[in-house]
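# got a predicted structure plus its sequence, pasted below:
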Amino acid sequence: MVTYSESGVDIDLEEVTVKALTQKLKETLEFQDVITESGHFAALVRLGNQALAMSTDGVGSKIMVAEMMDKYDTVGIDCVAMVVNDLICVGARPLAMVDYLAVEKPDPEAARQIAIGLAEGCKQSNTAMIGGETASLPEIVRNFDLAATGIGLVDLDKIITGEKIQDGDILIGIESSGIHSNGLSLARRVLFKEAGLKIDDPLPTDKKVTVGEALLEPTRIYVQAIMELVDNVEVHGLAHITGGGFTNLKRLKKGISYHINMLPSSPPIFDFISSQGVGIEEMYRVFNMGIGFAVILPRENHQEALKIIGKYYPCHVIGKVVEDSKGKVELKTFQDKWIEL
């Protein structure tokens with residue numbers, strides 16, 4: 001069985017490492033009026049009758065696929081997507097970003113393509129890229145690394161932290177465009193090493209696209225759909241389904257669980273990865289499995305929510321919230337097998 005850990009990414013060790021990093025930093029929260037607890041998708045600092053939201057993220061090893069194809073615009077889009085999709089999880093409207101590009105050596109053409117992608121991501125999210133930093137780091141960085149930090153604003157009475165989530169709330173899943181920017185280390189291990197595929201080979205479960213095209217499909221940006229939704233419907237929780245898969249739902253509120261039994265069919269790339277020996281639980285713990293964003297809201301609002309979101313992306317009722325202090329995600333997989341995350 002192929003695991004994420006075997007591909008070089010140990011989720012459990014990462015969690016311990018993050019705790020080691022943040023434990024001492026928690027004492028700095030008292031320096032400002034911080035609203036959110038650590039561990040949420042975005043942090044909030046009170047500014048009068050509004051709150052400033054901040055989030056930072058990078059593209060990860062999707063960069064290595066971009067290098068293999070000599071195509072870098074997608075990672076620019078993904079960099080913006082990862083940040084703004086986290087900002088909207090607290091109901092904040094993204095305003096501006098700064099980027100950080102670290103390179104092994106300067107490459108004007110790669111930089112131009114990255115800039116095209118960054119600009120497209122900013123256009124889709126109505127966000128300004130107001131600055132950044134570029135560093136040449138030979139012997140430290142291989143090829144390049146790309147990350148960004150974004151800010152947004154939200155009125156205090158419109159903040160969505162997940163604290164209002166309650167038993168019986170409906171869970172709506174918004175479809176992803178594919179693998180997005182998470183689990184690429186495992187995907188590359190399976191596709192290239194285990195299955196022996198090449199970057200320009202047709203994807204066995206969808207021969208209309210190549211392996212490279214499937215891996216580089218841009219991450220969806222959910223800003224417009226979610227902003228219209230929160231302006232018109234009461235929403236209790238928002239979750240970006242990124243690294244960690246459906247365990248991301250646990251970041252919203254303690255003492256409740258999720259019963260997910262109506263997931264749509266997963267995109268073809270996940271079907272193939274699963275067929276190559278990756279355990280079903282590992283699949284849902286690492287990948288988004290076709291759901292890039294989740295909305296939790298009162299049952300009486302879910303039909304209106306589906307109409308609003310459906311104008312932008314396919315969406316589905318995928319489950320509900322249950323009162324269970326174990327804080328688990330109980331999920332029915334595409335194999336009709338129940339797992340607990």
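That came in fine, so what should we check first?
# and the strands in this structure, which stretches?
43-47, 50-58, 93-103, 128-136, 144-155, 170-175, 202-203, 206-210, 237-240, 257-260, 291-297, 315-322, 329-332, 338-340 (DSSP state E).
# any chance of those strands in CSV, plus mean pLDDT and mean neighbour count?
(Glycine included, C-beta is placed from N, CA and C.) Output for the strands of the chain, formatted as CSV (pLDDT from 0 to 100; neighbours: other C-beta atoms under 10 Å):
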stretch, mean pLDDT, mean neighbour count
strand 43-47, 95, 17
strand 50-58, 96, 21
strand 93-103, 97, 20
strand 128-136, 96, 13
strand 144-155, 97, 21
strand 170-175, 98, 23
strand 202-203, 97, 18
strand 206-210, 96, 14
strand 237-240, 97, 26
strand 257-260, 97, 22
strand 291-297, 98, 26
strand 315-322, 98, 20
strand 329-332, 96, 19
strand 338-340, 95, 14
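# JSON lines for the ones you listed, including distance to S185?
JSON lines is the format used below for the strands of the chain (distance: least, C-beta to C-beta, whole Å):
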{"stretch": "strand 43-47", "distance to S185": "27"}
{"stretch": "strand 50-58", "distance to S185": "13"}
{"stretch": "strand 93-103", "distance to S185": "19"}
{"stretch": "strand 128-136", "distance to S185": "24"}
{"stretch": "strand 144-155", "distance to S185": "14"}
{"stretch": "strand 170-175", "distance to S185": "23"}
{"stretch": "strand 202-203", "distance to S185": "18"}
{"stretch": "strand 206-210", "distance to S185": "20"}
{"stretch": "strand 237-240", "distance to S185": "19"}
{"stretch": "strand 257-260", "distance to S185": "25"}
{"stretch": "strand 291-297", "distance to S185": "19"}
{"stretch": "strand 315-322", "distance to S185": "26"}
{"stretch": "strand 329-332", "distance to S185": "23"}
{"stretch": "strand 338-340", "distance to S185": "22"}
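# nearest to T74, of those?
Each of the strands of the chain has some distance to T74 by C-beta to C-beta; the shortest is strand 144-155, at 11.1 Å.
# what lines up beside the closest one in the sheet?
strand 50-58 (antiparallel), strand 93-103 (antiparallel) (DSSP bridges).
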